[in-house]
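Visitor: Next comes the sequence, and after it the predicted model I'd like to discuss.
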Amino acid sequence: MANFTKATGIKDWLDQRLAIDKVEKVMMSEYWIPKNINFLWAMGMVLVITFALLVVSGIFLLMYYVPTVDEAFNSVNYTIMREVDFGWLWRHVHGVAASVVFLIIYIHMFTGIYYGSYKKGREMIWISGMLLFVAFSAEAFSGYMLPWGQMSYWAGMVITNLFAGGSLHADGLVEWIRGDYVPAQAFLGRFFMLHVLLIPLAIMGLIGLHFGALRIPHVNNQEGEEIDFDKEAKKYLDGDKAGSKVMRFANDFMSKDMMVVGVYLVFFFYLVFYNYGFAMDPVNFDPADGLKTPAHIYPEWYFLWSYEILRPFGIDLGLILFAFAQVIFVLLPFLDRSPNAVPANRRGLFAIWFWVMLVNMIVLTAMGKLPPEDPFSTIGFVSAVLFVAQWLALPIITSYEKKV
Ligand code: HEM
(Lines give C-alpha, C1' and ligand atoms only; values in the text may rest on other atoms or scores of the structure.)
Protein backbone atom coordinates (compact mmCIF):
# COMPACT_ATOMS: atom_id res chain seq x y z
CA MET A 1 0.00 0.00 0.00
CA ALA A 2 1.13 3.53 -0.69
CA ASN A 3 2.70 5.59 2.04
CA PHE A 4 0.07 7.87 3.63
CA THR A 5 1.14 10.63 6.03
CA LYS A 6 -0.98 12.70 8.39
CA ALA A 7 -2.76 15.22 6.17
CA THR A 8 -2.15 18.94 6.69
CA GLY A 9 -5.66 19.81 5.42
CA ILE A 10 -8.53 18.59 3.28
CA LYS A 11 -6.68 19.41 0.05
CA ASP A 12 -3.62 17.42 1.15
CA TRP A 13 -5.86 14.54 2.32
CA LEU A 14 -7.52 14.40 -1.09
CA ASP A 15 -4.21 14.86 -2.88
CA GLN A 16 -2.69 11.81 -1.18
CA ARG A 17 -5.66 9.71 -2.29
CA LEU A 18 -6.63 11.20 -5.66
CA ALA A 19 -3.50 13.07 -6.83
CA ILE A 20 -5.68 16.13 -7.40
CA ASP A 21 -2.63 18.39 -7.68
CA LYS A 22 -1.31 16.36 -10.58
CA VAL A 23 -4.71 16.20 -12.30
CA GLU A 24 -5.11 19.95 -11.86
CA LYS A 25 -1.72 20.55 -13.47
CA VAL A 26 -2.28 18.18 -16.38
CA MET A 27 -5.76 19.49 -17.17
CA MET A 28 -5.56 23.13 -16.12
CA SER A 29 -2.55 25.09 -14.91
CA GLU A 30 0.08 23.25 -16.95
CA TYR A 31 -2.04 22.51 -19.97
CA TRP A 32 -0.41 24.86 -22.45
CA ILE A 33 -2.33 26.80 -25.08
CA PRO A 34 -0.66 28.84 -27.84
CA LYS A 35 -1.07 32.59 -27.54
CA ASN A 36 -1.63 33.23 -31.24
CA ILE A 37 -5.21 31.98 -31.52
CA ASN A 38 -8.38 33.99 -32.07
CA PHE A 39 -12.00 33.93 -30.84
CA LEU A 40 -12.80 30.97 -33.12
CA TRP A 41 -10.87 28.77 -30.66
CA ALA A 42 -13.50 29.57 -28.04
CA MET A 43 -16.15 27.65 -29.99
CA GLY A 44 -15.21 24.42 -28.23
CA MET A 45 -16.05 25.99 -24.88
CA VAL A 46 -19.23 27.53 -26.33
CA LEU A 47 -20.20 23.98 -27.35
CA VAL A 48 -19.56 22.68 -23.84
CA ILE A 49 -21.77 25.43 -22.39
CA THR A 50 -24.52 24.80 -24.95
CA PHE A 51 -24.46 21.08 -24.20
CA ALA A 52 -24.78 21.88 -20.48
CA LEU A 53 -27.80 24.10 -21.24
CA LEU A 54 -29.35 21.24 -23.22
CA VAL A 55 -28.84 18.78 -20.35
CA VAL A 56 -30.22 21.10 -17.66
CA SER A 57 -33.25 22.25 -19.68
CA GLY A 58 -33.84 18.64 -20.78
CA ILE A 59 -33.94 17.47 -17.15
CA PHE A 60 -36.64 20.04 -16.36
CA LEU A 61 -38.68 19.05 -19.43
CA LEU A 62 -38.35 15.38 -18.46
CA MET A 63 -40.24 16.04 -15.23
CA TYR A 64 -43.50 16.64 -17.14
CA TYR A 65 -43.04 15.01 -20.52
CA VAL A 66 -45.07 11.80 -21.01
CA PRO A 67 -43.61 9.36 -23.61
CA THR A 68 -46.88 7.86 -24.89
CA VAL A 69 -48.53 8.48 -28.26
CA ASP A 70 -51.75 9.59 -26.54
CA GLU A 71 -50.20 12.07 -24.18
CA ALA A 72 -46.84 13.22 -25.56
CA PHE A 73 -48.25 16.07 -27.67
CA ASN A 74 -50.37 17.51 -24.86
CA SER A 75 -47.69 17.04 -22.24
CA VAL A 76 -45.44 19.32 -24.30
CA ASN A 77 -47.86 21.80 -25.84
CA TYR A 78 -50.34 22.04 -23.01
CA THR A 79 -48.78 20.93 -19.70
CA ILE A 80 -45.24 22.26 -20.20
CA MET A 81 -46.09 25.32 -22.30
CA ARG A 82 -49.16 26.49 -20.35
CA GLU A 83 -49.60 24.84 -17.00
CA VAL A 84 -46.13 24.49 -15.49
CA ASP A 85 -44.56 27.72 -14.23
CA PHE A 86 -41.70 28.66 -16.57
CA GLY A 87 -42.18 25.43 -18.52
CA TRP A 88 -42.19 27.55 -21.70
CA LEU A 89 -38.80 28.97 -20.74
CA TRP A 90 -37.17 25.54 -20.43
CA ARG A 91 -38.73 24.47 -23.70
CA HIS A 92 -37.48 27.56 -25.50
CA VAL A 93 -33.98 27.13 -24.01
CA HIS A 94 -33.96 23.48 -25.13
CA GLY A 95 -35.31 24.18 -28.62
CA VAL A 96 -33.05 27.16 -29.30
CA ALA A 97 -29.97 25.36 -27.92
CA ALA A 98 -30.73 22.31 -30.10
CA SER A 99 -30.66 24.49 -33.19
CA VAL A 100 -27.82 26.87 -32.26
CA VAL A 101 -25.55 23.99 -31.23
CA PHE A 102 -25.37 22.97 -34.90
CA LEU A 103 -24.46 26.48 -36.02
CA ILE A 104 -21.56 26.43 -33.55
CA ILE A 105 -20.57 22.89 -34.53
CA TYR A 106 -20.37 23.95 -38.19
CA ILE A 107 -18.28 27.03 -37.28
CA HIS A 108 -16.01 24.83 -35.12
CA MET A 109 -15.64 22.26 -37.92
CA PHE A 110 -14.89 24.80 -40.62
CA THR A 111 -12.39 26.54 -38.34
CA GLY A 112 -10.62 23.18 -38.03
CA ILE A 113 -10.68 22.70 -41.80
CA TYR A 114 -9.44 26.23 -42.52
CA TYR A 115 -6.47 25.97 -40.15
CA GLY A 116 -5.67 22.33 -40.95
CA SER A 117 -6.23 21.30 -37.32
CA TYR A 118 -6.90 17.69 -38.29
CA LYS A 119 -3.33 16.95 -39.41
CA LYS A 120 -0.04 15.80 -37.95
CA GLY A 121 -1.08 13.93 -34.85
CA ARG A 122 -4.44 15.69 -34.56
CA GLU A 123 -6.38 13.00 -36.48
CA MET A 124 -8.01 11.62 -33.33
CA ILE A 125 -9.28 15.08 -32.39
CA TRP A 126 -10.93 15.26 -35.78
CA ILE A 127 -12.34 11.72 -35.70
CA SER A 128 -13.75 12.11 -32.18
CA GLY A 129 -15.19 15.48 -33.31
CA MET A 130 -16.95 13.84 -36.24
CA LEU A 131 -18.30 11.11 -33.96
CA LEU A 132 -19.69 13.93 -31.83
CA PHE A 133 -21.30 15.39 -34.92
CA VAL A 134 -22.98 12.04 -35.66
CA ALA A 135 -24.06 11.66 -32.03
CA PHE A 136 -25.51 15.18 -31.97
CA SER A 137 -27.36 14.48 -35.22
CA ALA A 138 -28.89 11.33 -33.72
CA GLU A 139 -29.73 13.25 -30.55
CA ALA A 140 -31.46 16.02 -32.53
CA PHE A 141 -33.41 13.56 -34.65
CA SER A 142 -34.58 11.48 -31.69
CA GLY A 143 -35.57 14.65 -29.80
CA TYR A 144 -37.58 15.83 -32.78
CA MET A 145 -39.78 12.73 -32.45
CA LEU A 146 -40.78 13.43 -28.87
CA PRO A 147 -43.45 16.19 -29.20
CA TRP A 148 -45.28 13.69 -31.46
CA GLY A 149 -46.51 16.41 -33.84
CA GLN A 150 -47.02 16.09 -37.59
CA MET A 151 -43.36 16.72 -38.42
CA SER A 152 -42.18 14.32 -35.72
CA TYR A 153 -44.30 11.57 -37.18
CA TRP A 154 -43.59 12.19 -40.86
CA ALA A 155 -39.88 12.96 -40.49
CA GLY A 156 -39.69 9.73 -38.45
CA MET A 157 -41.47 7.89 -41.25
CA VAL A 158 -39.23 9.32 -44.02
CA ILE A 159 -35.91 8.86 -42.22
CA THR A 160 -36.61 5.31 -41.06
CA ASN A 161 -37.72 4.47 -44.63
CA LEU A 162 -34.17 5.27 -45.79
CA PHE A 163 -33.04 2.11 -44.00
CA ALA A 164 -34.98 0.05 -46.55
CA GLY A 165 -31.98 0.78 -48.81
CA GLY A 166 -33.97 1.82 -51.91
CA SER A 167 -34.45 -1.09 -54.30
CA LEU A 168 -32.93 -3.47 -51.73
CA HIS A 169 -36.39 -3.27 -50.05
CA ALA A 170 -35.05 -4.13 -46.61
CA ASP A 171 -38.51 -3.48 -45.15
CA GLY A 172 -37.85 -5.92 -42.33
CA LEU A 173 -35.01 -3.70 -41.12
CA VAL A 174 -37.29 -0.65 -41.16
CA GLU A 175 -39.93 -2.49 -39.14
CA TRP A 176 -37.27 -3.71 -36.73
CA ILE A 177 -36.09 -0.12 -36.16
CA ARG A 178 -39.66 1.11 -35.67
CA GLY A 179 -40.82 -1.89 -33.66
CA ASP A 180 -44.00 -1.71 -35.76
CA TYR A 181 -45.18 -1.23 -39.34
CA VAL A 182 -45.47 2.54 -38.84
CA PRO A 183 -44.12 4.93 -36.19
CA ALA A 184 -46.21 4.20 -33.10
CA GLN A 185 -45.78 3.53 -29.35
CA ALA A 186 -42.76 1.21 -29.66
CA PHE A 187 -41.06 3.77 -31.89
CA LEU A 188 -41.74 6.68 -29.55
CA GLY A 189 -40.62 4.67 -26.51
CA ARG A 190 -37.26 3.66 -27.98
CA PHE A 191 -36.49 7.10 -29.37
CA PHE A 192 -37.35 8.54 -25.97
CA MET A 193 -34.84 6.19 -24.34
CA LEU A 194 -32.18 7.04 -26.94
CA HIS A 195 -32.76 10.77 -26.52
CA VAL A 196 -32.70 10.98 -22.75
CA LEU A 197 -30.23 8.26 -21.89
CA LEU A 198 -28.12 6.36 -24.39
CA ILE A 199 -27.08 9.14 -26.78
CA PRO A 200 -26.37 11.73 -24.04
CA LEU A 201 -24.15 9.14 -22.31
CA ALA A 202 -22.33 8.51 -25.60
CA ILE A 203 -21.91 12.27 -26.10
CA MET A 204 -20.38 12.67 -22.64
CA GLY A 205 -17.94 9.83 -23.31
CA LEU A 206 -17.05 11.31 -26.70
CA ILE A 207 -16.45 14.77 -25.23
CA GLY A 208 -14.01 13.06 -22.81
CA LEU A 209 -12.28 11.37 -25.76
CA HIS A 210 -12.19 14.65 -27.72
CA PHE A 211 -10.53 16.45 -24.79
CA GLY A 212 -8.12 13.57 -24.23
CA ALA A 213 -7.17 13.63 -27.92
CA LEU A 214 -6.30 17.32 -27.59
CA ARG A 215 -3.93 16.87 -24.68
CA ILE A 216 -0.84 15.47 -26.47
CA PRO A 217 -0.83 17.35 -29.81
CA HIS A 218 -2.16 20.54 -28.14
CA VAL A 219 -4.41 22.92 -30.03
CA ASN A 220 -3.23 24.31 -33.34
CA ASN A 221 -2.68 28.06 -33.84
CA GLN A 222 -3.66 30.60 -36.43
CA GLU A 223 -0.24 30.79 -38.12
CA GLY A 224 0.24 27.02 -38.32
CA GLU A 225 3.44 27.57 -36.33
CA GLU A 226 5.27 24.47 -34.98
CA ILE A 227 5.56 25.33 -31.30
CA ASP A 228 7.97 23.50 -28.99
CA PHE A 229 5.54 23.30 -26.06
CA ASP A 230 8.11 22.00 -23.54
CA LYS A 231 10.54 24.83 -24.27
CA GLU A 232 7.87 27.52 -24.24
CA ALA A 233 6.28 26.13 -21.07
CA LYS A 234 9.66 26.23 -19.32
CA LYS A 235 10.10 29.84 -20.38
CA TYR A 236 6.70 30.64 -18.91
CA LEU A 237 7.40 28.81 -15.63
CA ASP A 238 10.81 30.52 -15.37
CA GLY A 239 9.02 33.85 -15.29
CA ASP A 240 9.29 34.99 -18.92
CA LYS A 241 5.51 35.03 -19.41
CA ALA A 242 5.57 37.77 -22.06
CA GLY A 243 8.31 36.07 -24.13
CA SER A 244 6.72 32.63 -24.03
CA LYS A 245 4.52 31.59 -26.94
CA VAL A 246 2.11 29.73 -24.67
CA MET A 247 -0.27 30.41 -21.79
CA ARG A 248 -1.97 28.29 -19.16
CA PHE A 249 -5.36 26.77 -19.98
CA ALA A 250 -6.63 27.86 -16.56
CA ASN A 251 -7.11 30.61 -15.79
CA ASP A 252 -5.47 32.51 -18.69
CA PHE A 253 -7.12 30.93 -21.69
CA MET A 254 -10.34 30.18 -19.77
CA SER A 255 -10.82 33.86 -19.01
CA LYS A 256 -10.61 34.68 -22.72
CA ASP A 257 -12.99 31.82 -23.50
CA MET A 258 -15.46 33.11 -20.94
CA MET A 259 -15.48 36.53 -22.58
CA VAL A 260 -16.63 34.92 -25.85
CA VAL A 261 -19.06 32.68 -23.94
CA GLY A 262 -20.53 35.84 -22.33
CA VAL A 263 -21.17 37.50 -25.71
CA TYR A 264 -22.61 34.23 -26.99
CA LEU A 265 -25.02 33.94 -24.06
CA VAL A 266 -26.40 37.43 -24.74
CA PHE A 267 -27.12 36.35 -28.32
CA PHE A 268 -28.50 33.01 -27.08
CA PHE A 269 -30.95 34.49 -24.58
CA TYR A 270 -31.99 37.14 -27.08
CA LEU A 271 -33.10 34.22 -29.28
CA VAL A 272 -34.74 32.40 -26.38
CA PHE A 273 -36.85 35.40 -25.36
CA TYR A 274 -37.52 37.22 -28.62
CA ASN A 275 -36.89 34.95 -31.56
CA TYR A 276 -37.48 31.33 -30.54
CA GLY A 277 -39.88 30.69 -33.46
CA PHE A 278 -37.07 29.84 -35.88
CA ALA A 279 -36.26 26.74 -33.85
CA MET A 280 -39.80 25.33 -33.98
CA ASP A 281 -41.58 24.19 -37.12
CA PRO A 282 -45.21 25.47 -37.19
CA VAL A 283 -46.38 22.16 -38.71
CA ASN A 284 -45.22 20.39 -35.56
CA PHE A 285 -47.88 22.26 -33.59
CA ASP A 286 -50.45 19.89 -35.18
CA PRO A 287 -50.71 16.50 -33.47
CA ALA A 288 -49.30 13.48 -35.34
CA ASP A 289 -51.77 12.07 -37.84
CA GLY A 290 -50.79 8.99 -39.85
CA LEU A 291 -53.61 9.65 -42.34
CA LYS A 292 -52.65 13.22 -43.26
CA THR A 293 -49.27 13.73 -45.01
CA PRO A 294 -48.00 17.35 -44.75
CA ALA A 295 -47.52 19.14 -48.11
CA HIS A 296 -43.76 19.57 -47.62
CA ILE A 297 -41.68 17.32 -45.42
CA TYR A 298 -38.23 18.71 -44.81
CA PRO A 299 -35.74 18.36 -41.97
CA GLU A 300 -34.43 21.06 -39.65
CA TRP A 301 -32.02 23.55 -41.26
CA TYR A 302 -28.86 21.73 -40.11
CA PHE A 303 -29.73 18.57 -42.06
CA LEU A 304 -30.84 20.37 -45.22
CA TRP A 305 -27.49 20.23 -47.06
CA SER A 306 -27.29 16.44 -46.86
CA TYR A 307 -31.02 16.12 -47.63
CA GLU A 308 -30.42 18.14 -50.81
CA ILE A 309 -27.69 15.69 -51.80
CA LEU A 310 -30.26 12.87 -51.56
CA ARG A 311 -33.16 14.62 -53.27
CA PRO A 312 -32.14 15.36 -56.88
CA PHE A 313 -31.22 11.75 -57.69
CA GLY A 314 -33.13 8.51 -58.05
CA ILE A 315 -33.61 6.58 -54.81
CA ASP A 316 -30.58 4.29 -55.13
CA LEU A 317 -28.01 6.81 -56.30
CA GLY A 318 -29.52 9.38 -53.92
CA LEU A 319 -29.02 6.99 -50.98
CA ILE A 320 -25.44 6.21 -51.98
CA LEU A 321 -24.56 9.91 -52.25
CA PHE A 322 -26.36 10.66 -49.00
CA ALA A 323 -24.29 7.97 -47.25
CA PHE A 324 -21.17 9.41 -48.92
CA ALA A 325 -22.00 12.89 -47.55
CA GLN A 326 -22.44 11.47 -44.03
CA VAL A 327 -19.06 9.75 -43.84
CA ILE A 328 -16.79 11.74 -46.09
CA PHE A 329 -15.89 14.45 -43.56
CA VAL A 330 -14.53 11.79 -41.20
CA LEU A 331 -11.97 10.85 -43.82
CA LEU A 332 -10.67 14.39 -44.28
CA PRO A 333 -7.32 13.84 -42.46
CA PHE A 334 -6.56 10.99 -44.86
CA LEU A 335 -7.88 12.57 -48.07
CA ASP A 336 -5.90 15.75 -47.59
CA ARG A 337 -2.46 14.58 -48.74
CA SER A 338 -0.59 17.83 -48.08
CA PRO A 339 1.75 18.03 -45.07
CA ASN A 340 0.92 21.73 -44.54
CA ALA A 341 -0.98 22.42 -41.32
CA VAL A 342 -1.27 26.11 -42.09
CA PRO A 343 -4.23 28.42 -42.77
CA ALA A 344 -6.02 27.69 -46.05
CA ASN A 345 -5.17 31.12 -47.53
CA ARG A 346 -1.50 30.01 -47.69
CA ARG A 347 -2.28 26.74 -49.39
CA GLY A 348 -3.00 27.76 -53.01
CA LEU A 349 -5.70 25.59 -54.57
CA PHE A 350 -6.88 24.34 -51.20
CA ALA A 351 -8.05 27.89 -50.36
CA ILE A 352 -10.40 27.76 -53.36
CA TRP A 353 -11.50 24.26 -52.36
CA PHE A 354 -12.32 25.48 -48.85
CA TRP A 355 -14.37 28.54 -49.84
CA VAL A 356 -16.23 26.71 -52.61
CA MET A 357 -17.08 23.91 -50.15
CA LEU A 358 -18.39 26.39 -47.58
CA VAL A 359 -20.49 28.43 -50.02
CA ASN A 360 -21.75 25.30 -51.77
CA MET A 361 -22.97 23.80 -48.50
CA ILE A 362 -24.87 27.04 -47.81
CA VAL A 363 -26.41 26.84 -51.30
CA LEU A 364 -27.37 23.18 -50.70
CA THR A 365 -28.96 24.19 -47.39
CA ALA A 366 -31.03 26.93 -49.07
CA MET A 367 -32.13 24.64 -51.92
CA GLY A 368 -33.05 21.88 -49.47
CA LYS A 369 -35.63 24.19 -47.89
CA LEU A 370 -37.20 25.27 -51.21
CA PRO A 371 -39.78 23.13 -53.04
CA PRO A 372 -38.28 20.65 -55.57
CA GLU A 373 -39.11 22.66 -58.70
CA ASP A 374 -37.02 24.63 -61.19
CA PRO A 375 -34.76 26.57 -60.91
CA PHE A 376 -34.15 25.28 -57.36
CA SER A 377 -33.91 21.62 -58.27
CA THR A 378 -31.39 22.37 -61.05
CA ILE A 379 -29.25 24.48 -58.72
CA GLY A 380 -29.53 21.74 -56.07
CA PHE A 381 -28.49 19.09 -58.59
CA VAL A 382 -25.43 21.08 -59.74
CA SER A 383 -24.44 21.82 -56.12
CA ALA A 384 -24.76 18.15 -55.14
CA VAL A 385 -22.57 17.07 -58.06
CA LEU A 386 -20.05 19.79 -57.17
CA PHE A 387 -19.96 18.59 -53.55
CA VAL A 388 -19.06 15.05 -54.59
CA ALA A 389 -16.59 16.26 -57.23
CA GLN A 390 -14.79 18.41 -54.69
CA TRP A 391 -14.22 15.46 -52.38
CA LEU A 392 -12.97 13.31 -55.24
CA ALA A 393 -10.60 16.11 -56.29
CA LEU A 394 -9.21 16.73 -52.79
CA PRO A 395 -6.49 14.01 -52.72
CA ILE A 396 -5.34 15.09 -56.16
CA ILE A 397 -5.06 18.83 -55.55
CA THR A 398 -3.46 18.38 -52.15
CA SER A 399 -0.84 15.90 -53.34
CA TYR A 400 0.53 18.60 -55.68
CA GLU A 401 0.65 21.21 -52.92
CA LYS A 402 4.11 22.65 -52.27
CA LYS A 403 5.53 22.61 -48.75
CA VAL A 404 5.22 26.05 -47.15
C1 HEM B 1 -20.14 19.03 -30.16
C2 HEM B 1 -19.29 18.86 -29.28
C3 HEM B 1 -17.89 19.37 -29.31
C4 HEM B 1 -17.26 19.90 -28.24
C5 HEM B 1 -17.84 20.10 -26.86
C6 HEM B 1 -15.93 20.27 -28.67
C7 HEM B 1 -14.98 20.84 -27.84
C8 HEM B 1 -13.73 21.25 -28.24
C9 HEM B 1 -12.79 22.02 -27.46
C10 HEM B 1 -13.07 22.53 -26.04
C11 HEM B 1 -11.68 22.21 -28.19
C12 HEM B 1 -10.43 23.02 -27.81
C13 HEM B 1 -10.60 24.49 -28.06
C14 HEM B 1 -11.04 24.83 -29.45
O15 HEM B 1 -10.26 24.63 -30.40
O16 HEM B 1 -12.19 25.27 -29.60
C17 HEM B 1 -11.88 21.54 -29.45
C18 HEM B 1 -10.96 21.46 -30.47
C19 HEM B 1 -11.15 20.83 -31.67
N20 HEM B 1 -12.33 20.26 -32.11
FE21 HEM B 1 -14.02 20.09 -31.07
N22 HEM B 1 -15.76 19.94 -29.98
C23 HEM B 1 -16.94 19.40 -30.43
C24 HEM B 1 -17.21 18.96 -31.72
C25 HEM B 1 -16.29 18.92 -32.75
C26 HEM B 1 -16.59 18.54 -34.12
C27 HEM B 1 -17.97 18.17 -34.66
C28 HEM B 1 -15.42 18.62 -34.80
C29 HEM B 1 -15.23 18.31 -36.26
C30 HEM B 1 -14.86 17.22 -36.67
C31 HEM B 1 -14.39 19.04 -33.88
C32 HEM B 1 -13.06 19.20 -34.20
C33 HEM B 1 -12.11 19.81 -33.39
C34 HEM B 1 -10.75 20.08 -33.79
C35 HEM B 1 -10.08 19.72 -35.13
C36 HEM B 1 -10.16 20.70 -32.70
C37 HEM B 1 -8.69 21.15 -32.61
C38 HEM B 1 -8.59 22.61 -32.89
C39 HEM B 1 -7.15 23.04 -32.93
O40 HEM B 1 -6.25 22.22 -32.70
O41 HEM B 1 -6.92 24.18 -33.23
N42 HEM B 1 -14.95 19.22 -32.64
N43 HEM B 1 -13.14 20.95 -29.46
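Guide: Arrived safely, thanks for sending.

Visitor: rest of the way, CA atoms for contacts and neighbours
Guide: Will do.

Visitor: would you list every one of the strands in the stretch 201-350 of the chain?
Guide: 246-248 (DSSP state E, counting those that start in this stretch).

Visitor: now the end-to-end length of stretch 291-308.
Guide: Length of stretch 291-308, first residue to last, C-alpha to C-alpha, to the nearest Å: 26 Å.

Visitor: what about that stretch, average pLDDT?
Guide: If you average the pLDDT over stretch 291-308, you get 93.

Visitor: what about it and the ligand, touching?
Guide: No - figure legend: stretch 291-308 not in contact with the ligand (C-alpha under 6 Å from any ligand atom); closest approach 12.7 Å.

Visitor: Contacts for that stretch next, please.
Guide: The contact list for stretch 291-308 (C-alpha atoms under 8 Å, 6 or more residues apart in numbering) reads 99, 102-103, 150-151, 154-155, 283, 322, 325-326, 361-369, 371, 380, 384.

Visitor: 7 Å - rerun?
Guide: Applying C-alpha atoms under 7 Å, 6 or more residues apart in numbering, the contact partners of stretch 291-308 are Phe102, Ala155, Phe322, Ala325, Met361, Leu364, Thr365, Met367, Gly368, Lys369, Gly380.

Visitor: can you check stretch 353-372 too?
Guide: Tyr114, Tyr298, Trp301, Leu304, Trp305, Tyr307, Glu308, Phe376, Gly380, Ser383, Phe387.

Visitor: Which pair of those spans the longest distance?
Guide: Using C-alpha to C-alpha, the pair of those lying farthest apart is Tyr114 and Tyr298, separated by 29.8 Å.

Visitor: can you map out the strands along the stretch 1-150 of the chain?
Guide: 32-34.

Visitor: Look up the residues forming beta bridges with the residue nearest to Asn284 when sequence neighbours are not counted.
Guide: Of all residues not flanking Asn284 in the chain, Gly149 sits nearest, at 4.5 Å (C-alpha to C-alpha, 6 or more residues apart in numbering). Beta-bridge pairing of Gly149 under DSSP bridges involves Pro287.

Visitor: So Gly149 versus the ligand, what's the distance?
Guide: To the ligand, Gly149 is 27 Å away according to C-alpha to the nearest ligand atom, to the nearest Å.

Visitor: Same check on Met193?
Guide: Applying C-alpha to the nearest ligand atom to Met193 and the ligand gives a distance of 20 Å.

Visitor: Just say helix, strand or coil for that residue.
Guide: Per DSSP: H, G, I helix; E, B strand; the rest coil, the local secondary structure of Met193 is helix.

Visitor: sec struct for the nearest residue to Gly179 once chain neighbours are set aside, please.
Guide: Leaving aside its chain neighbours, Gly179 sits nearest to Ala186 (5.4 Å; criterion: C-alpha to C-alpha, 6+ apart). Under three-state DSSP, Ala186 falls in the helix class.

Visitor: ok, Ala186 - how many residues close by?
Guide: By other C-alpha atoms under 10 Å, 16 other residues sit near Ala186.

Visitor: How about the contacts made by it?
Guide: Neighbour list for Ala186: Arg178, Gly179, Asp180 [criterion: C-alpha under 7 Å, 6+ apart].

Visitor: Out of those, which sit inside helices?
Guide: Using DSSP state H, the subset of the contacts of Ala186 located in helices is Arg178.
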